[in-house]
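[1] Below are the sequence and a predicted model for it; my questions follow.
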Amino acid sequence: MKHLLLMTAVVGTMMIASPKESRAQGSPLARIGQLAERDTLKVLVTDSGLGGLAVCADIELRARQSGIYRRLQIIFANALPESNRGYNRMKSTAEKVRVFDDALGGMERWYAPDVILVACNTLSVLIPQTSFVTTSAIPVLGIVETGVDMLFEKLSADPRSTAVIFGTETTIGAGTHRRLLLERGVDSVRIVTQACPNLAGKIESDARGEKVVSAIAEFAGEAMGKIERTSDPVLVGLCCTHYGYAAREFEKAMRKRGAAGVEIVDPNSRMSNALFPPGRPRRAEGTDVSVEVVSRAEISPEEIASIGALVDSVSHPTAQALRTYELKRDLFPYVPPQE
């Protein structure tokens, strides 16, 4: 399971560069590569819900298997301000950016991570508009670019294929995936976008439930109606970290509605690659890995049961951290707008 971009420019002497110096040292990926030279790391993963826990689980598993870190601390911080106030319900982009900016600031103050991974497409498209990325020394890595890279690779490998990008209203409305693919020379006829309102919330509540199956069937039907060449292979881009939990349902729904060949493209599993660059030596036989989950918004028992069961098969410590999450109302300030 997977969809991000944030990090801290920290040199081997443990000295932290100024924000201006830090940004001058290279891209987030390059700076993360420098961090991976260390044997101790504190990684913060954030999302506008619980989909990003798939990325946490992958990081925890790979840390134990690779042994390239002696100590790895993983913190999952839910950027949702209130359980009934998701980003896709906010009325303006300015409000979304303000809330996310405050969330990033709170995460830095409380946890001082070495790197922040935004395992959320909805939030990743907002990163460039935040003041945090221009004032903080912490590198920020978003998952959008990861998804675009994967789709471009697949589209280039098979010129007959069409990419269907499934995402939240905010993600699809921003048009970032489409724009970046067009900039790389992909023909617009090979790119289809499909918003999936409220699907992420349905998956959190009951990933295997009938409401999820029905919603995916509806969205798959709408997407197929936009494809000009239905007899050619279809790349199903799961451009919301929640959607990876329902990957099989997406594949079945697309096939049932006429897609000749379906390949799932799930960026979640690739996002953690930045922390595990090839060629790094094994430093520890028993890596000390810890996982904690914090949230300003209450997480319901139904959400814990649904997502916990899904990540448990990959990383039991991640599932257990969700089940014992810390409700932290002062994680970041939030004042809901007057309706």
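    Nice, thanks for sending it over. Numbering: from 1, shown residues only.

[2] If we go by neighbour counts, what in the top helix by length along the chain is buried?
    In the chain, assigned by DSSP state H, the helix with the most residues is helix 93-111. In terms of neighbour count (16 or more other C-beta atoms under 10 Å), helix 93-111 has its buried residues at 96-108, 110-111. C-beta coordinates here come from the backbone N, C-alpha and C atoms, glycine included.

[3] ok, now stretch 242-259?
    Neighbour-count burial for stretch 242-259 flags 242-247, 249-254, 257, 259 (criterion: 16+ other C-beta under 10 Å).

[4] nearest to residue 82, of the buried residues of helix 93-111?
    Nearest to residue 82 among these: residue 99, at 9.9 Å, using C-beta to C-beta.

[5] That closest one against residue 90, yeah?
    Yes - assessed by C-beta atoms under 8 Å, residue 99 is found in contact with residue 90 at 7.1 Å.

[6] Please, where are all the strands along the stretch 101-250 of the chain?
    Taking DSSP state E, counting those that start in this stretch, the strands of the stretch 101-250 of the chain run over residues 115-118, 139-142, 162-167, 191-195, 233-238.

[7] For the last one, give me every contacting residue.
    Applying C-beta atoms under 8 Å, 6 or more residues apart in numbering, the set of residues contacting strand 233-238 from outside is 2-3, 147, 150-151, 154-155, 158, 160-166, 177, 227, 244, 247, 250-251, 254, 259-268.

[8] try the third one
    Taking contacts as C-beta under 8 Å, 6+ apart, the residues outside strand 162-167 that touch it are 121-122, 147, 151, 154-155, 172, 177-178, 181, 186, 189-196, 219, 223, 227-229, 232-240, 243, 250, 254, 265.

[9] Residue 213 against residue 256, yeah?
    No - Residue 213 is beyond contact range of residue 256, at 11.0 Å (criterion: C-beta under 8 Å).

[10] Report the central residue of this structure.
    Nearest to the geometric centre of the chain sits residue 119, at 2.0 Å (C-alpha atoms, centre = their mean).

[11] Contact partners for it?
    By C-beta under 8 Å, 6+ apart, the residues touching residue 119 are 2-4, 45-47, 51-52, 54-56, 143, 241, 268, 271.

[12] mind running it again at 6 Å?
    Residues counted as contacts of residue 119 (C-beta atoms under 6 Å, 6 or more residues apart in numbering) are 4, 45, 47, 52, 55, 143, 241.

[13] just residue 128 next, same as before
    Not one residue lies near residue 128 by C-beta under 6 Å, 6+ apart.

[14] try 10 Å
    Counting by C-beta atoms under 10 Å, 6 or more residues apart in numbering, residue 128 makes contact with 5, 97, 134, 140, 142, 176.

[15] Thanks a lot, catch you later.
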